[in-house]
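S.K.: here is the input, now give the coordinates:
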Amino acid sequence: MLKLFSVHDNKAQYYMNPQTYRTQEEAIRAFRTACEQEGSQFATHGEDFTLLYIGDWDIDTGDINPIKPQPLANGAEFANNKLSEA
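M.R.: Numbering: from 1, shown residues only. Take a look at the predicted model:
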């Protein structure tokens, strides 16, 4: 079973394509990395983006179990800790 996540763009009012991760912590880490990447839209406008847990995907059956989106983090929490491009 994998967990489904999406980032909501609060300014443009849409949900980005879903992504799968094994845990919420893994999804938050990936979102944090995106928000800390200097020059990215997440780093530049962190307050506009919210990471949401949106359900589960059973990789054995293909079934998707959606849930009411649960906010996990806002980009503003991480955008000030920018990583330099290497």
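S.K.: determine the longest helix present in the protein.
M.R.: helix 24-36 (DSSP state H).
S.K.: in terms of secondary structure, what does whichever helix or strand comes after that one contact?
M.R.: Next in sequence after helix 24-36, counting helices and strands by DSSP states H and E, comes helix 41-44. If you count contacts as 3 or more C-beta pairs under 8 Å, 6 or more residues apart in numbering; DSSP states H and E, helix 41-44 packs onto helix 24-36. Yep, even glycine has a C-beta here, placed from its N, CA and C like the rest.
S.K.: tell me, how many neighbours does residue 27 end up with?
M.R.: 23 (other C-beta atoms under 10 Å).
S.K.: now do the contacts for it.
M.R.: Contact partners of residue 27, counting by C-beta atoms under 8 Å, 6 or more residues apart in numbering, are 3, 5, 19, 21, 51, 53, 72.
S.K.: what lies in contact with stretch 44-61?
M.R.: 1-12, 15, 18, 20, 24, 27-28, 31, 35, 41-42, 63-67, 69-80.
S.K.: from the residues you listed, which land in helices?
M.R.: The helices, defined by DSSP H, take in 24, 27-28, 31, 35, 41-42 from those.
S.K.: in JSON lines: these, plus pLDDT and distance to residue 59.
M.R.: Formatted as JSON lines, the ones in helices among the contacts of stretch 44-61 follow (pLDDT from 0 to 100; distance: C-beta to C-beta, whole Å):
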{"residue": "24", "pLDDT": "97", "distance to residue 59": "17"}
{"residue": "27", "pLDDT": "98", "distance to residue 59": "16"}
{"residue": "28", "pLDDT": "96", "distance to residue 59": "21"}
{"residue": "31", "pLDDT": "95", "distance to residue 59": "22"}
{"residue": "35", "pLDDT": "91", "distance to residue 59": "28"}
{"residue": "41", "pLDDT": "90", "distance to residue 59": "30"}
{"residue": "42", "pLDDT": "90", "distance to residue 59": "27"}
